[in-house]
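Chemist: Generate a structure from the sequence data that follows.
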Amino acid sequence: MPPTASSDARILVIDDEPDLRTLYALTLLREGYGVESAENVAAARQLLGSGSFDAVITDMRLPDGSGIDVLHTLAQQGRSERCVVITAYGSAENAVEALKAGAFDYLTKPVDLKQFRSVVAAAIEQARPVRGAPRKTANGRPRNDGSDPPATSGGRALERLVGESVAIQTVKTRIARVAGSMAPVMVCGESGTGKELVARAVHACSHRNGGPFVAVNCGAIPENLLEAEFFGARKGAYTGSVQDRDGYFQAAHGGTLFLDEVGDLPLAMQAKLLRVIQERSVRPVGSTQEESTDVRIVSATHKDLGAEVQAGRFRQDLYYRLNVIDIDLPPLRERREDIPALCAALLQKIAAESGEPCQPVGHAVLQQLMQHPFSGNVRELENLLHRAVALGDANGLLPATVGDTVAPVATAPGAPNPAPGLPGDLQAFLDQQERSILLQALHESQFNRTLAATRLGLSLRQIRYRIMRLNIPVPHSDDGTDDPA
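Modeler: Next up is the predicted model:
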């Protein structure tokens, strides 16, 4: 259900077409809001300077600028108003640009008034924190830019991301900052790092936390069933369809749809998914009518989608549409200092599931785990602890129960073993060397990628590609810029 209207809320509407300004104003007045109107950027800035609002509605194209200029004004002044941008029909590039610039949400022309009312109500609710004492801007308005503590459900979700390392704290901070937007989020990381936990935390910290969270494993659905599973189907649409059924988009209406391993979708389905995201409507299989949908998309992949785009296996337009905000989840081997805390949390979980007392982790076991390569990340750690608990005794986990699970490097039959001192996996060795050099350059340049690239004799595009390929966690600014100001 959409948030209820607040009779004391004030909204600024910016549009150069008088008829549309009147339409938006009348729609909002009927909801009980106070409305001010402006026909261009200059008039909008004057009104913003003379008072405060709960939300701003702006057209993208204005006579003396654009909706992006309005967004920049709000950001520069540190204002709390959430901004909804209205773009031309099918203009995905404008929508993505607006979301990167900090828009709360966007609507496409012709505007669906029911969706318009719902989005505005959500923007007002998100701009008015209901928990704690929010920080103030210079003009005395509450500020909620993601740096304030999240709501209770969001706080619990962040706590499930166990660890105090710099890498995991960076992830938590980014989740809290991006949760308030409607911008699509792409979670990147190796298998077993906890990408679904991050997606659930984004949902729990957002204004959509009262809505459903629907997780979909894109690689586990047979290709001939993809369209029906995602968009629903009508009775008789195919053999065995004996009644109407909703798809994942309908099930996630008002909440978050998590597309896990989105890189596994075939190209034909990628095109259909792009259309649904852009038009915010789905057409169930066997239906002639489209249904509006209101979901926030969070995607995840262990693949290098940039490389998949170059290889022609993933649509470039869908990649840019899903990857508005990215969150890089580091592998466990890059945050080994979190292993003791992860062990404690996972053992408590195992004990709760088994009904047995929680077993302590001895120093020898912990040292053994700290040396493990963990190619399977946190999932592998959990499996090792399950094994240790099953084989252990009442006195705690023993080193033998964890076992020496470091797998030897596989070689082809008849191939000579690697000579002493030579890497068994040359590519992995080279990747690690390249990663170390890049991390050093990034740290020394305070994560200014342009400067780091210059020092290494690379272009900005080349260092971006290497950072993505090697899953290097780099702090990103929420407006999509590459380097900190």
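Chemist: and the nearest residue to V162 once chain neighbours are set aside, what element?
Modeler: Take V162 and drop its neighbours on the chain: the residue closest to it by CB to CB, 6 or more residues apart in numbering is A345, 4.7 Å away. Every C-beta, even on glycine, is put in place using the N, C-alpha and C of the backbone. Using DSSP states H and E, the element containing A345 is helix 339-354.
Chemist: Would you mind listing the buried residues in that helix?
Modeler: By 16 or more other CB atoms under 10 Å, the buried positions in helix 339-354 come out as I339, L342, C343, A345, L346, L347, I350.
Chemist: and that helix, what other elements does it pack with?
Modeler: Using 3 or more CB pairs under 8 Å, 6 or more residues apart in numbering; DSSP states H and E as the contact criterion, the elements in contact with helix 339-354 are helix 363-370, helix 377-391.
Chemist: ok, now with 6 Å
Modeler: If you count contacts as 3 or more CB pairs under 6 Å, 6 or more residues apart in numbering; DSSP states H and E, helix 339-354 packs onto helix 377-391.
Chemist: Tell me what angle the helix it packs on forms with helix 363-370.
Modeler: For helix 377-391 against helix 363-370, the angle by axes from the mean of the first three to the mean of the last three CA atoms, to 10 degrees is 150 degrees.
Chemist: Now do helix 377-391: which elements does it pack against?
Modeler: helix 339-354, helix 399-402.
Chemist: can you list the buried residues of helix 339-354 in TSV and add pLDDT and distance to L439?
Modeler: Below are these laid out as TSV (pLDDT from 0 to 100; distance: CB to CB, whole Å):
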residue	pLDDT	distance to L439
I339	92	20
L342	93	22
C343	91	26
A345	92	27
L346	91	28
L347	90	31
I350	87	34
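Chemist: re the thing from before, so for T293, which of the helices and strands packed on helix 377-391 sits nearest?
Modeler: Smallest distance to T293 across the helices and strands packed on helix 377-391 (CB to CB): 34.6 Å, for helix 339-354.
Chemist: Show me how far the closest one is from its chain's centre.
Modeler: How far helix 339-354 lies from its chain's middle: 26 Å, per CA atoms, centre = their mean, to the nearest Å.
Chemist: Quick check: the gap between the residue nearest to V162 and V285.
Modeler: 43 Å (CB to CB, to the nearest Å).
Chemist: Over to R160: give its phi and psi.
Modeler: Note on R160: backbone dihedrals following degrees, to the nearest 10 are phi -70, psi -20.
Chemist: re the thing from before, put together JSON lines for the helices and strands packed on helix 377-391, with distance to V185 on each row.
Modeler: Converted to JSON lines, the helices and strands packed on helix 377-391 look like this (distance: least, CB to CB, whole Å):
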{"stretch": "helix 339-354", "distance to V185": "24"}
{"stretch": "helix 399-402", "distance to V185": "35"}
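Chemist: among those helices, which is nearest V119?
Modeler: helix 339-354 (37.6 Å).
Chemist: okay, the closest one in PDB with CA atoms only?
Modeler: Coordinates of each C-alpha in helix 339-354 appear next as PDB, following Å, rounded to 0.1, in the frame of the first residue of the first chain:
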ATOM      1  CA  ILE A 339      37.000 -14.600  10.200                       C
ATOM      2  CA  PRO A 340      36.800 -14.900  14.000                       C
ATOM      3  CA  ALA A 341      33.600 -12.800  14.100                       C
ATOM      4  CA  LEU A 342      32.200 -14.800  11.200                       C
ATOM      5  CA  CYS A 343      33.000 -18.100  13.000                       C
ATOM      6  CA  ALA A 344      31.200 -17.000  16.100                       C
ATOM      7  CA  ALA A 345      28.100 -15.900  14.200                       C
ATOM      8  CA  LEU A 346      28.000 -19.000  12.000                       C
ATOM      9  CA  LEU A 347      28.500 -21.300  14.900                       C
ATOM     10  CA  GLN A 348      25.600 -19.700  16.800                       C
ATOM     11  CA  LYS A 349      23.500 -20.200  13.700                       C
ATOM     12  CA  ILE A 350      24.500 -23.900  13.400                       C
ATOM     13  CA  ALA A 351      23.800 -24.400  17.100                       C
ATOM     14  CA  ALA A 352      20.300 -22.800  16.700                       C
ATOM     15  CA  GLU A 353      19.500 -25.100  13.800                       C
ATOM     16  CA  SER A 354      20.800 -28.300  15.400                       C
END
